[in-house]
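[1] let me see the structure of the following:
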Amino acid sequence: MYVIVWQFVAKPGREAEFEAAYGPRGRWTEFFRAGEGFLATELWRGDGGWITVDRWRSGEDYQRFRCERLAEYEALDREMEHLTAKETNLGAFTAV
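    Take a look at the predicted model:
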């Protein structure tokens, strides 16, 4: 299993909209579902922000999807910018 972990701070007043867009039934999950090997997205809320955990069968599945759909990925990322004050990629991890 391969996971990508992001940390976010939502813009004030946009928290509910952020959770709807980035949660397991949100726009990002809908987009990723088209990818072979996509398993799930989890959204975790904690002190001061949220993390997302995107689960893929393998890093190769994720990289192939990202390469093939890069323009759409970047367009969706731009579309969601109004919801976030800060976005940090915490890394990608492979199960051992």
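[2] strands of the protein, start to end?
    Taking DSSP state E, the strands of the chain run over residues 2-10, 38-46, 49-56, 84-94.
[3] Glu68 is nearest to which of the ones you listed?
    Nearest of those to Glu68, taken as C-beta to C-beta: strand 38-46 at 12.6 Å. Glycine gets a C-beta too; all of them are placed from N, C-alpha and C.
[4] ok, residues contacting the closest one?
    For strand 38-46, the surrounding residues in contact (C-beta atoms under 8 Å, 6 or more residues apart in numbering) are 1, 19, 22-24, 26, 28-29, 32, 50-57, 61-62, 65.
[5] which one of the strands of the chain lies closest to Ala75?
    Closest approach to Ala75 among the strands of the chain (C-beta to C-beta): strand 84-94, 15.7 Å.
[6] partners of the closest one, with directions?
    When sheet partners are counted by DSSP bridges, strand 84-94 sits next to strand 2-10 (antiparallel).
[7] to Arg69, which of the strands of the chain lies closest?
    Across the strands of the chain, closest to Arg69 is strand 38-46 (C-beta to C-beta), at 11.3 Å.
[8] which parts of the closest one are buried?
    The neighbour-count check on strand 38-46 (16 or more other C-beta atoms under 10 Å) flags 38, 41, 43 as buried.
[9] before we move on, back to that, quick one: the strands of the chain as JSON lines, columns for mean pLDDT and distance to Tyr73 too.
    Output for those, formatted as JSON lines (pLDDT from 0 to 100; distance: least, C-beta to C-beta, whole Å):
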{"stretch": "strand 2-10", "mean pLDDT": "98", "distance to Tyr73": "12"}
{"stretch": "strand 38-46", "mean pLDDT": "98", "distance to Tyr73": "13"}
{"stretch": "strand 49-56", "mean pLDDT": "98", "distance to Tyr73": "12"}
{"stretch": "strand 84-94", "mean pLDDT": "98", "distance to Tyr73": "13"}
